[in-house]
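> Please work out how this folds:
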Amino acid sequence: MKHLQYNQKLTFKKAAEGIRVAIENSNSLLADANLLYDNERYERATALAILAIEEIGKPKIIREILMEVEQKKIKEKWYEYRQHT
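As a prediction, this is how the structure comes out:
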């Protein structure tokens, strides 16, 4: 059976929590990237920095999901959220 992914409207409370978690994750990834960079582990530092950039893009998408009213567009935004680009 195909795994069903959430693609519905968000409550303000859930959106706020998602934004908070995404920002915390991004900050944590960036801190780890800095530690690796300072210890000359440049490849891994770069990989974590890229993940931090992707993570900090999530709050924008969450806000877009929150404000969207059309179900088709909400579903498209959830797809964008899961793509990490």
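
> Report the contact partners of I74.
Going by Cβ atoms under 8 Å, 6 or more residues apart in numbering, I74 touches 7-9, 65, 68. C-beta here means a position set from N, CA and C on the backbone, and glycine is covered the same way.

> Buried residues, the lowest-mean-pLDDT helix or strand in the chain. List them.
The helix or strand of the chain with the poorest confidence is helix 71-83; it has a mean of 92 (mean pLDDT, DSSP states H and E). Neighbour-count burial for helix 71-83 flags 74, 77-78, 80-81 (criterion: 16 or more other Cβ atoms under 10 Å).

> Could you do stretch 33-43 as well?
By 16+ other Cβ under 10 Å, the buried positions in stretch 33-43 come out as 33, 36.

> which other residues reach it?
Contacts of stretch 33-43 (Cβ under 8 Å, 6+ apart): 44-46, 48-49, 52.

> Among these, which ones are in helices?
Of the contacts of stretch 33-43, the ones assigned to helices by DSSP state H are 44-46, 48-49, 52.

> and those, which are buried?
Buried members of the ones in helices among the contacts of stretch 33-43, counted by 16+ other Cβ under 10 Å: 45, 48-49, 52.

> Of the residues you listed, which is the nearest to D32?
L48 (5.3 Å; Cβ to Cβ).

> Report the spatially nearest residue to that closest one, omitting neighbours in sequence.
Of all residues not flanking L48 in the chain, A33 sits nearest, at 3.8 Å (Cβ to Cβ, 6 or more residues apart in numbering).

> Perfect, that will be all.
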